[in-house]
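Trainee: Any chance you could fold what I've pasted below:
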Amino acid sequence: MVFLSFIIAVAPLVASVWAWVKLYRDGGNNKLLNVVSYVSLGVVTLLSAFAVCIGLYFAFGPPTLLPPWESPEPRVKGHLIALAPMGVVFGLILGFFARRRDREQMWLFWTVECISYYLLFYGFFSESAV
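Mentor: Residues are numbered from 1 along each chain as shown. Predicted coordinates for the structure are as follows:
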């Protein structure tokens with residue numbers, strides 16, 4: 001059960017690291033689009049790392065003898081409900097600039113949006129499991 005939860009939490013971080021590698025390899029000449037790309041991907045990567053750290057802490061941290069409905073884990077994962085819309089907003093800004101200036105960067109828009117919505121649903125379903 002812990003392994004499956006960890007895999008579910010690590011998936012967005014793997015996708016964002018893949019996006020960083022692809023963004024680094026592609027480069028680009030558009031300075032404004034690169035700044036927006038780095039900021040939006042950085043926000044999503046931080047949110048993904050937050051989800052992984054939560055999973056690692058509760059998987060390998062100090063054991064709690066609380067029943068599942070009193071455990072702090074779902075409440076902490078529920079913070080993603082409030083934080084993930086930041087990634088959605090930054091992704092929409094990225095999509096606006098990518099659509100106007102360089103359509104080659106639309107892959108990054110879709111990657112940022114998918115990761116953001118994945119984290120939003122991950123937080124929602126973790127919070128509603130209690």
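Trainee: what about the strands in this structure?
Mentor: Remark: no strands are assigned in the chain by DSSP state E.
Trainee: any idea how far residue 111 is from the most centrally placed residue in it?
Mentor: Nearest residue to the geometric centre of the chain (C-alpha atoms, centre = their mean): residue 48, 3.7 Å. Distance from residue 48 to residue 111, counting by C-beta to C-beta, to the nearest Å: 11 Å. In short, each C-beta sits where N, CA and C put it, glycine included.
Trainee: between the two, what contacts are shared?
Mentor: Contact with both residue 48 and residue 111 is made by residues 15, 16, according to C-beta atoms under 8 Å, 6 or more residues apart in numbering.
Trainee: Check the protein for its longest helix and report it.
Mentor: The helix that spans the most residues within the chain, counting by DSSP state H, is helix 31-60.
Trainee: who does that helix touch, helix- and strand-wise?
Mentor: Here helix 31-60 touches helix 2-26, helix 73-77, helix 79-101, helix 106-128, going by 3 or more C-beta pairs under 8 Å, 6 or more residues apart in numbering; DSSP states H and E.
Trainee: And residue 41, what's its pLDDT?
Mentor: If you check residue 41, the pLDDT there is 90.
Trainee: who touches the least confident helix or strand in the chain by mean pLDDT?
Mentor: Of all helical and strand segments in the chain, the minimum by mean pLDDT, DSSP states H and E falls on helix 73-77, at a mean of 82. Here helix 73-77 makes contact (C-beta under 8 Å, 6+ apart) with 51, 54, 58, 122, 123, 126, 127, 129, 130.
Trainee: go on, stretch 6-23?
Mentor: In contact with stretch 6-23 (C-beta under 8 Å, 6+ apart) are residues 37-38, 41, 44-45, 47-49, 51-52, 54-56, 59, 107-108, 111-112, 114-115, 118-119, 122.
Trainee: Could you do stretch 55-63 as well?
Mentor: If you take C-beta under 8 Å, 6+ apart as the criterion, stretch 55-63 is touched by 2, 5, 6, 9, 10, 73, 76.
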